[in-house]
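>>> compute the structure for the input listed below.
(one chain, ligands or ions: 2)
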Amino acid sequence: GAKWTYNGPDGEHNWSSNYPFCGGAFQSPIDFQTQLLRYDPNLPPIQVQNYNLSTNEQLTLSNNGHSVQLSLPSHMYISSLPHRYSAAQLHFHWGSSNLLTGSEHTVNGKRFAGEMHVVHFNSDKYPNISMAVDKHDGLAVLGVFIEIGEFNPAFDKFFKYMNGIKYRDQKIQVPAFNIHALLPAHLDEYYRYDGSLTTPPCYPSVLWTVFRRPVTISRKQFLALATALYASYAQESTTVPLHGNYRKPQLADNRVVLVSFKD
Ligand SMILES: NS(=O)(=O)c1c(F)c(F)c(S(=O)(=O)CCO)c(N[C@H]2CCCc3ccccc32)c1F
Ligand SMILES: [Zn+2]
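Numbering: from 1, shown residues only. Ligands and ions are numbered 1, 2, ... in the order given. This is a model prediction of the structure:
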């Protein structure tokens, strides 16, 4: 599709000229404002299966020009939703080296340092993510806020390979590891709403689950993420740093955000 960026003439305010859904309803991310929240006691804890991958599996770590993404095998899935949602990939959104605020969702205007998304597709109904990506019940994304704090050994399982994918479309194979270790504590506490892809084509096809509790990574780990990658190709003479890859909050319209916690 047409090229798009997070800033400049192809930035998010112009996405809708090439990608009409980006100007439509049910867009993501949104700001989780207290007055939008409604406690729902029937929201079950999130349960995932087969996230503890064996180290003799290999995953593809790639720089797609918009984010760093890690491919995930489809035998990983979410088991606590009405349909089975099988994993496809995980990726990140972050700020920049001097702007430690790059999450997409915000909580009463508070922006976290970054946000991880684990993208799944409805494998009960669709054979692969390409067939699911534009269907109303096609995708389920788990969102995890990232804060600066303690060093996080789980993230280093692939952060240490970032120098191999500095430029757009570079990819490497990395040993698989326990993806569950990337998730926060308390998978029973989360925000839930109907939304969209936060990048073009912005299809309103995502059941969002954003965990209340953040994970922490160290400042050194965050800077590695925020400064290692370029959105430009290796052979290009002008380098374009890959940072600030987060969409601003969209209108909630009259959407309700369900929460699984009372406080
Ligand atoms: N924030 S977000 O909405 O979760 C989100 C991103 F922000 C994001 F950058 C990506 S991307 O890395 O693929 C680059 C642009 O599509 C995705 N990809 C998804 C949806 C598009 C098709 C597809 C096909 C295979 C695997 C994953 C995906 C994405 F879903
Ligand atoms: Zn994302």
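
>>> list the buried residues for the helix or strand encompassing Met131?
Met131 belongs to helix 129-132 when assigned by DSSP states H and E. For helix 129-132, the neighbour count (16 or more other C-beta atoms under 10 Å) marks Ile129, Ala132 as buried. C-beta here means a position set from N, CA and C on the backbone, and glycine is covered the same way.

>>> C-terminal to that helix, what's the next element?
Taking DSSP H and E, what comes next after helix 129-132 is strand 139-148.

>>> got the CA coordinates for that next one in PDB?
The C-alpha trace of strand 139-148 is given here as PDB (Å, rounded to 0.1, in the frame of the first residue of the first chain):
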ATOM      1  CA  LEU A 139      -8.200  -9.800  15.600                       C
ATOM      2  CA  ALA A 140      -7.400  -9.700  19.300                       C
ATOM      3  CA  VAL A 141      -4.400  -7.700  20.500                       C
ATOM      4  CA  LEU A 142      -2.900  -7.800  24.000                       C
ATOM      5  CA  GLY A 143      -1.500  -4.400  25.000                       C
ATOM      6  CA  VAL A 144       1.200  -4.100  27.700                       C
ATOM      7  CA  PHE A 145       2.400  -0.800  29.000                       C
ATOM      8  CA  ILE A 146       6.200  -0.400  29.400                       C
ATOM      9  CA  GLU A 147       7.800   1.600  32.200                       C
ATOM     10  CA  ILE A 148      11.400   2.400  32.900                       C
END
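
>>> pull up the pairing partners for it, direction included.
Here strand 139-148 has these sheet partners by DSSP bridges: strand 114-122 (antiparallel), strand 206-211 (parallel), strand 215-217 (parallel).

>>> please name every helix or strand in contact with the helix holding Met131.
If you count contacts as 3 or more C-beta pairs under 8 Å, 6 or more residues apart in numbering; DSSP states H and E, helix 129-132 packs onto strand 114-122.

>>> report the mean confidence score over the strand it packs on.
Mean per-residue pLDDT for strand 114-122: 98.

>>> extract the C-alpha set from the longest helix seen in the chain and format it as PDB.
Criterion DSSP state H: the longest helix present in the chain is helix 219-227. The C-alpha trace of helix 219-227 is given here as PDB (Å, rounded to 0.1, in the frame of the first residue of the first chain):
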ATOM      1  CA  ARG A 219      16.700   2.800  30.900                       C
ATOM      2  CA  LYS A 220      19.600   1.100  29.100                       C
ATOM      3  CA  GLN A 221      17.200  -1.400  27.500                       C
ATOM      4  CA  PHE A 222      14.700   1.300  26.600                       C
ATOM      5  CA  LEU A 223      17.400   3.400  25.000                       C
ATOM      6  CA  ALA A 224      18.500   0.400  23.000                       C
ATOM      7  CA  LEU A 225      15.000   0.000  21.700                       C
ATOM      8  CA  ALA A 226      14.600   3.800  21.000                       C
ATOM      9  CA  THR A 227      17.900   4.400  19.300                       C
END
